[in-house]
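Student: model the following, please.
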Amino acid sequence: MGGESQRTRPDPGVEAQRWRLPTRIGFRFCFAYLGLYVLATRISGGLFLLPDRAFSSFGTLPPAREITFWVAERVFGMTGPLPYTGNSWDARFFWVQAFLVLVLASGATAMWSLLDRRRANYVTLHKWFRVFVRLAIASQMFEYGVTKIIPAQFPFPSLITLVTPVGGVSMQGLFWTFVGASPTYQILTGVVEVAAGILLIVPRTATLGAMVVLASMMQVFGFNMLYDVGVKMISFHLVLMTAFLLAPESLRLWTFFFGKHPTPAAAHPPFFRSRRAHAAAVGAQLLFGAYAIAVYGNITWAYWNQAGGGSPRSPLYGVWDVERLSIDGEARPAAVNDYDRRWRRVIFDEPGAMVFQRIDDSFARYGATIDTARNMLSLTKGDSRTWRSEFAFRRSGDDGLVLEGEMDGYEIGIELRLVRRDTFQLLNSHFRWVRPPDP
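Tutor: This is a model prediction of the structure:
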């Protein structure tokens, strides 16, 4: 019993060591800045998970939201709306908030250093703050990893994507298509991220996990920067947080990879003096990891079935080329019609939508209700409560479709031909051990 107690008791020498002044000041700043940034941004969502949804962030809630608005107007002279919703975490709102976090952390560091200048070290606080940072990073790895394993983050190219010219796609859209076109690649990257999170959750493998996270997040940060993805700041701060975890291990890692002498063992103090309490703390971290994976799995699986690869398709699913178009009984080329009826294709992908592709490759999108019992197609436009269009449809063979109806006061008849999926080279590309030269 005495031997077990000795193994869990913190080393008096570790507790008594005196950190250098730059180390103490650096830790104070990292504690304040990283702690505030995690709570202000979506990273906090991984620490406050609900069974059916993820919490967004404290930074978008009062009073942080109103303080950010005030700083944007008074300090940076920003006027007008300052959006903080949507899919970009690089919007002006979040840049202002990052500046605010930096100012608050700098002030807190200065005040802390003045009031606590005689303290020799922060061994205990550092130990628990590392747990906070590890869990925050791991939760992000689980979120991003699970959404790739399912896979839902990068959907397989939709029918609209297949007929959109490359020059008409944004850099982010091109990146999404690049990853989504290879589900296996996406799943493998997700496995790496989840594995890194698991390694990070387990205290004994946390250093290895941090190294894997650092490599993964450096790649993600590079993609976000070079393809203009709206999570540049988030991924950059995940790199910083990982560097914070690895900083105390830098000498050991240098010795391991480049040194000629044996690498010294890690000297992290236990969480509690009692062996049982220490084991409970480790178990709680593992339980959090399992809970996070389960929650993100549940959320992502539901999304995948509702709006991702597992969602239902339109009853008229396919890309349909316009072979003949008549307006008020007159058949004529699309180019002589008004802009809203210069159609070259009709696309049915999602059950509740239909898309016309014009001859200039632009798209006109409509809400669609398809009644297969009556063979009727009802269209709506945008947020309009009054605009309606009705078409009767009939199939002509396996690859033919005829639409007849009314739109904007015009009688319209369209004869369509289904585009075979094997005509899309992207869908025909696959892995080959032996690959012949390109023609």
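Student: looking at this, E406 is in a strand?
Tutor: Yes: using DSSP: H, G, I helix; E, B strand; the rest coil, the secondary structure at E406 is a strand.
Student: all helices of the stretch 101-250 of the chain, in order?
Tutor: Remark: helices assigned in the stretch 101-250 of the chain by DSSP state H, counting those that start in this stretch are 123-149, 159-162, 171-180, 183-201, 206-226, 232-246, 250-258.
Student: turn these into JSON lines, including mean pLDDT, distance to W433 and mean neighbour count.
Tutor: In short, each C-beta sits where N, CA and C put it, glycine included. Below are the helices of the stretch 101-250 of the chain laid out as JSON lines (pLDDT from 0 to 100; distance: least, CB to CB, whole Å; neighbours: other CB atoms under 10 Å):
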{"stretch": "helix 123-149", "mean pLDDT": "96", "distance to W433": "25", "mean neighbour count": "22"}
{"stretch": "helix 159-162", "mean pLDDT": "95", "distance to W433": "27", "mean neighbour count": "19"}
{"stretch": "helix 171-180", "mean pLDDT": "95", "distance to W433": "22", "mean neighbour count": "16"}
{"stretch": "helix 183-201", "mean pLDDT": "97", "distance to W433": "15", "mean neighbour count": "20"}
{"stretch": "helix 206-226", "mean pLDDT": "96", "distance to W433": "26", "mean neighbour count": "19"}
{"stretch": "helix 232-246", "mean pLDDT": "97", "distance to W433": "34", "mean neighbour count": "20"}
{"stretch": "helix 250-258", "mean pLDDT": "87", "distance to W433": "34", "mean neighbour count": "12"}
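Student: nearest to L102, of these?
Tutor: L102 sits nearest to helix 232-246 of all these, at 11.5 Å, using CB to CB.
Student: tilt between the closest one and helix 183-201?
Tutor: Per axes from the mean of the first three to the mean of the last three CA atoms, to 10 degrees, the angle that helix 232-246 makes with helix 183-201 is 40 degrees.
Student: pLDDT below threshold where in the stretch 1-150 of the chain?
Tutor: 1-16, 54 (pLDDT under 70).
Student: can you rerun that using 90?
Tutor: For the stretch 1-150 of the chain, applying pLDDT under 90 flags the ranges 1-17, 45, 48-57, 79-81, 85-87.
Student: adding distance to N428, write the helices of the stretch 101-250 of the chain out as JSON lines.
Tutor: JSON lines is the format used below for the helices of the stretch 101-250 of the chain (distance: least, CB to CB, whole Å):
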{"stretch": "helix 123-149", "distance to N428": "24"}
{"stretch": "helix 159-162", "distance to N428": "12"}
{"stretch": "helix 171-180", "distance to N428": "15"}
{"stretch": "helix 183-201", "distance to N428": "15"}
{"stretch": "helix 206-226", "distance to N428": "26"}
{"stretch": "helix 232-246", "distance to N428": "33"}
{"stretch": "helix 250-258", "distance to N428": "44"}
